[in-house]
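Engineer: what's the 3D shape of this:
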Amino acid sequence: MNFNELKNKKIVIGGWVSPVTDRLKKQKVSTEDSYKNLKECGFDFIHTLYENSHDNEIIDALDNLEKQNIFGYIYDSRINDINYDKDARYNLIKEFRKRKSFAGLNLADEPGINKFETLNNLVSEYKDIDCYINFLPMYATYNQLKTAIWKNERQANKEEYIEYLNEIDKIKLNEFSYDFYPFDSDYGVIKENYFLELYLTKMYADKRGIPLWDFIQITAFKNEIRVISEEEIYFLINTSLCFGVTGIQYFTYFCPINNEYESFRGAIVDMDGTLTDRYYLVKSANEFINSLGDKLVNARFLGVDSNGYVSDLIPSEAKKNNDIKVNGQDYLCGLFTKNNKRVWLLMNTSFEGVRKYSIDANGLNIKLLNSDEKLNEITLDKGRSILIYEE
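Structural biologist: The predicted structure follows:
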């Protein structure tokens, strides 16, 4: 099965930063065992970021990924440079494509509008390859949206971010990916526009007819993004799924190398290759995601129904009438249809504790996926969810 086929069968799970190599670390951690750990954690793909401009490291990563039936998006500055010799670029890609694990090329992370024309030219050249680009979040400054350079100025507003999205129309994409890390202050406090971003990007991806992928906050960096709790991680996963995200990516799998600008901590795997407590937490979360199968893949997103905590943060245009009635406090319910049948993902949005719900089916023949609970006795822990479907 190739990666395109996999994307039509399940919610795909990926990570930023592959195991590092000997060149970057004295202790060898880019071994077969490192990739076995990646597979056992439930990952479908990884972004191989540290193999830049070193052919043997890229090939080694792809070979290790292939042994585990995992896919890799390759970052290589030569391939991403349109001014680099074209024949040399194509010879490199030819070698990468010999591996079944090759998912595509990672062309850019958080580009500004000024790079879109060049990126479109690259995508046009690599027309039969999945060219992955990760785009900026709403809390970028207006100058960042234009040039990708951060300046100490105001954040962009909704209209300016929509302008950024519209400019992306110039680039042919197979998926729309962005990152938004909402937990940067007190426990459970969500950064402004988190839900607006989810809604706008989902509407944009649906308009383009492509899947929406986002990133789950794991690794802390600088003094800006903190290490978050288990329930906050589940909150991010399940709010994403409720808004129709079908590509869950973690920032980061392997802890990045610290530099003069950023310091990192709290990754799934430490810089020396040690599996952290995050590894086992994410493994459990991935087991849940994988248990959903294809229920939400290629489903039509209708909107959401909500009550209580975070309900006021959800844009009014995202809220739609629900065909079933959810009784209970502090919930978010994603509304979908697939093959003319309705599907719902119900989650507890509270950070205070367990919530209990009951469902009035309104005459519909509905069931809970992978659960022995009854429709009138659903119990969900903080940040957790359950899928409901029409038979």
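
Engineer: contacts and neighbour counts: CA atoms only from here.
Structural biologist: Noted.

Engineer: Can you report how many residues neighbour the closest residue to residue 362 other than its chain neighbours?
Structural biologist: The shortest distance from residue 362 to any non-neighbouring residue, by CA to CA, 6 or more residues apart in numbering, is to residue 324 (5.9 Å). Neighbourhood size, residue 324 [other CA atoms under 10 Å]: 15.

Engineer: what's stretch 204-218 in contact with?
Structural biologist: 165, 173-181, 183, 201-202, 227-228, 233, 236-237, 240, 244-252, 266-268, 278 (CA atoms under 8 Å, 6 or more residues apart in numbering).

Engineer: try stretch 190-200
Structural biologist: Residues outside stretch 190-200 that contact it (CA under 8 Å, 6+ apart) are 137-138, 162, 180-184, 240, 243, 313-315, 318.

Engineer: are any of the residues you listed buried, and which?
Structural biologist: Neighbour counting by 16 or more other CA atoms under 10 Å classes 137-138, 162, 180-184, 240, 243, 314-315, 318 among these as buried.

Engineer: Show me which of those is closest to residue 219.
Structural biologist: The shortest gap between residue 219 and any of the buried ones among the contacts of stretch 190-200 belongs to residue 181, at 10.2 Å (CA to CA).

Engineer: what kind of secondary structure is the residue lying closest to residue 225 once chain neighbours are set aside in?
Structural biologist: Closest residue to residue 225 apart from its sequence neighbours, by CA to CA, 6+ apart: residue 184 at 4.9 Å. Under DSSP: H, G, I helix; E, B strand; the rest coil, the three-state class of residue 184 is coil.

Engineer: Do I have it right that residue 184 meets residue 221?
Structural biologist: No: Residue 184 sits out of contact with residue 221 when judged by CA atoms under 8 Å, with a separation of 10.4 Å.

Engineer: In the helix or strand containing residue 235, which residues are buried?
Structural biologist: For residue 235, the element it lies in under DSSP states H and E is helix 230-242. Across helix 230-242, burial judged by 16+ other CA under 10 Å covers 231, 232, 233, 234, 235, 236, 237, 238, 239, 240, 241, 242.

Engineer: Just give me the closest of the residues you listed to residue 44.
Structural biologist: Nearest to residue 44 among the buried residues of helix 230-242, with distances taken as CA to CA, is residue 237, at 15.9 Å.

Engineer: separation between the closest one and residue 246?
Structural biologist: The gap separating residue 237 from residue 246 is 10 Å, by CA to CA, to the nearest Å.

Engineer: same thing with residue 219?
Structural biologist: Distance of residue 219 to residue 246, computed by CA to CA: 21 Å.

Engineer: neighbour-wise, which of the two wins?
Structural biologist: Comparing residue 219 with residue 246 by neighbour count (other CA under 10 Å), the higher total belongs to residue 246, at 26 against 23.

Engineer: was I right about that one contacting residue 295?
Structural biologist: No: the criterion here is CA under 8 Å, and residue 246 misses it with residue 295 at 10.5 Å.
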